[in-house]
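Visitor: Show me how the following folds:
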Amino acid sequence: MDLRLLLLAAGAGVALWSAFRWRQALLVAMVLLVVEGAIRKWLLPGAQDLVYLGKDLILVAAYAGFLRQRAELRYRPLALPILYSALALGAILGVLEIFNPKLPNLMVGAFGFKAYFLYVPVLFVLPAAFPTDRDLLRFLRRYILLSIPVGMLAVAQFFSPASSPLNTYARTAEATTGAYISTFGSSEFVRVTATFSYITGYGSYLVAITIIVLAYLAVTRWRLRGSLGIYAALGMAMLGMLMTGSRGPVFMLVLLFPVYWWLAVMRGGQGGATFGRLLIGVAMLAILIGSVGGDAVSAFRGRAASTSDVGSRLTLPFMAPWEILPDAGLEGYGIGATHQTATAFTQGIVPYSWLHGLAIEAETGR
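Guide: Below is the predicted model of the structure:
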């Protein structure tokens with residue numbers, strides 16, 4: 001049987017299972033978010049599109065299962081009318097933008113809407129997947145520990161040549177050669193992606209997992225006993241940020257840390273003791289990174305020092321919408337117009353010709 005047909009048949013079975021076991025399916029989808037890129041790059045490179053949509057199919061089925069059992073659940077979402085109103089208005093605008101006449105076809109808009117809004121229901125469904133706080137903490141601990149082998153893969157990529165099979169992206173045209181692998185300028189070291197399709201995804205994951213680790217450590221008051229694996233995961237995340245060469249995640253954490261320090265450390269009881277343990281933990285992480293990540297630190301510092309656009313890069317997310325406004329107008333070019341899947345639905349059309357030459361880098365501009 002053809003591989004794609006086999007995967008489609010398996011997908012139908014998984015969707016049915018997900019609808020009846022929506023709690024487990026939701027957790028499977030959370031894990032797939034981490035390992036999906038590895039499956040696309042190494043295990044099933046000929047079915048990247050099906051793998052890409054696999055977790056979405058699981059999520060939709062899990063949503064359906066949640067709605068089917070919602071009346072039986074004790075869970076009630078928090079009363080956040082401002083947030084819910086903003087989400088509803090955004091979804092309405094997204095639906096309207098599917099029909100933007102500047103888009104080459106409706107499929108581009110539909111997949112653009114999926115990219116922005118399919119994961120919003122996780123805000124409501126995920127809390128209901130854990131009957132107790134203990135169940136939530138158990139899952140978070142396991143999810144955090146999963147980041148350690150992901151980080152170890154990134155380390156292996158960093159010390160491997162660009163031509164190594166470990167260093168490849170989930171892009172068919174670029175997966176056959178290391179010539180397209182990003183490096184640290186003139187350095188021989190590559191910018192790592194770990195299990196993710198590209199550098200951006202791994203960088204976003206590192207920020208997310210670091211926030212989860214910091215929240216977990218806040219609950220445990222930064223105690224060392226029973227948390228050495230969590231500290232190791234935090235160290236791997238810090239090391240991974242350096243190995244990606246992306247400055248955005250580092251700047252993001254620098255901005256977030258004072259807020260975290262105040263909310264999670266000083267406002268709680270035993271703030272002084274917690275702060276002391278935090279300083280010890282940070283010192284241990286600094287020693288770890290300094291002793292085993294010297295090459296990563298040097299490569300990151302070299303890349304940061306060789307660029308002069310740090311200020312503009314920091315302000316780009318805030319300024320991009322205003323800079324693109326004169327060309328795009330208030331209605332824009334349609335949702336999904338800049339998404340990477342758009343070219344899959346526009347065969348025979350010059351890729352992104354509907355943007356009329358506009359190059360949009362920041363997500364806020366997109």
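Visitor: what comes into contact with stretch 24-44?
Guide: When contacts are defined by C-beta atoms under 8 Å, 6 or more residues apart in numbering, stretch 24-44 is touched by residues 3, 7, 17-19, 48, 50-52, 54-55, 58-59, 61-62, 65, 122, 125-126, 129, 139, 143, 146-147, 150, 153, 165, 168-170, 175, 193-198, 201, 205. Placement of C-beta: from N, CA and C, glycine included.
Visitor: Could you do stretch 152-159 as well?
Guide: For stretch 152-159, using C-beta under 8 Å, 6+ apart, the contacting residues are 38, 164, 166-167, 189-190, 192-195, 202, 236, 239-240, 243-244, 295-296.
Visitor: Which residue comes closest to residue 245 once chain neighbours are left out?
Guide: Nearest residue to residue 245 in three dimensions, chain neighbours excluded: residue 191, at 4.2 Å (C-beta to C-beta, 6 or more residues apart in numbering).
Visitor: just to revisit the earlier point, out of the contacts of stretch 152-159, which sit inside helices?
Guide: The helices, defined by DSSP state H, take in 38, 202, 236, 239, 240, 243, 244, 295, 296 from the contacts of stretch 152-159.
Visitor: in the chain, what secondary structure element scores lowest on mean pLDDT?
Guide: helix 271-292 (a mean of 74; mean pLDDT, DSSP states H and E).
Visitor: ok so, going back, quick one: which two of the ones in helices among the contacts of stretch 152-159 are the most distant?
Guide: 38 and 295 (23.7 Å; C-beta to C-beta).
Visitor: Under the pLDDT cut-off, which ranges of the chain? List them.
Guide: 1, 171-179, 186, 265-273, 306-310 (pLDDT under 70).
Visitor: so where do the helices sit in it?
Guide: Using DSSP H, helices in the chain cover 3-20, 22-38, 48-69, 81-98, 106-117, 122-128, 133-158, 199-219, 228-244, 247-260, 271-292, 294-305, 310-328.
Visitor: Just say which of the ones you listed is most tucked in.
Guide: helix 228-244 (a mean of 23; mean count of other C-beta atoms under 10 Å).
Visitor: what's the angle between it and helix 271-292?
Guide: Angle, helix 228-244 to helix 271-292, by axes from the mean of the first three to the mean of the last three C-alpha atoms, to 10 degrees: 50 degrees.
Visitor: what is the orientation angle of helix 228-244 with helix 199-219?
Guide: Going by the same axes, to 10 degrees, helix 228-244 makes 150 degrees with helix 199-219.
Visitor: which other helices and strands contact helix 228-244?
Guide: The contact analysis (3 or more C-beta pairs under 8 Å, 6 or more residues apart in numbering; DSSP states H and E) places helix 228-244 against helix 133-158, helix 199-219, helix 247-260, helix 271-292, helix 294-305.
Visitor: Recalculate using a threshold of 6 Å.
Guide: helix 133-158, helix 199-219, helix 271-292, helix 294-305 (3 or more C-beta pairs under 6 Å, 6 or more residues apart in numbering; DSSP states H and E).
Visitor: With distance to residue 359 as extra columns, can I get those helices in a markdown table?
Guide: Below are the helices and strands packed on helix 228-244 laid out as a markdown table (distance: least, C-beta to C-beta, whole Å):
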| stretch | distance to residue 359 |
| --- | --- |
| helix 133-158 | 28 |
| helix 199-219 | 16 |
| helix 271-292 | 35 |
| helix 294-305 | 22 |
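Visitor: Nearest to residue 264 among those would be which one?
Guide: Once the helices and strands packed on helix 228-244 are compared by C-beta to C-beta, helix 199-219 is nearest, at 3.7 Å.
Visitor: I'd like to know which elements that closest one is packed against.
Guide: Short answer (3+ C-beta pairs under 6 Å, 6+ apart): helix 199-219 packs on helix 133-158, helix 228-244, helix 247-260.
Visitor: Next, count neighbours for residue 220.
Guide: Neighbour count of residue 220, defined by other C-beta atoms under 10 Å: 15.
Visitor: Against residue 36, how distant is the closest residue to it other than its chain neighbours?
Guide: Take residue 220 and drop its neighbours on the chain: the residue closest to it by C-beta to C-beta, 6+ apart is residue 227, 5.8 Å away. The gap separating residue 227 from residue 36 is 28 Å, by C-beta to C-beta, to the nearest Å.
Visitor: what does residue 59 give?
Guide: For residue 59, the distance to residue 36 - C-beta to C-beta - is 12 Å.
Visitor: Then residue 300?
Guide: 26 Å.
Visitor: swap in residue 62?
Guide: Counting by C-beta to C-beta, the gap from residue 62 to residue 36 is 16 Å.
Visitor: Alright, I will stop here.
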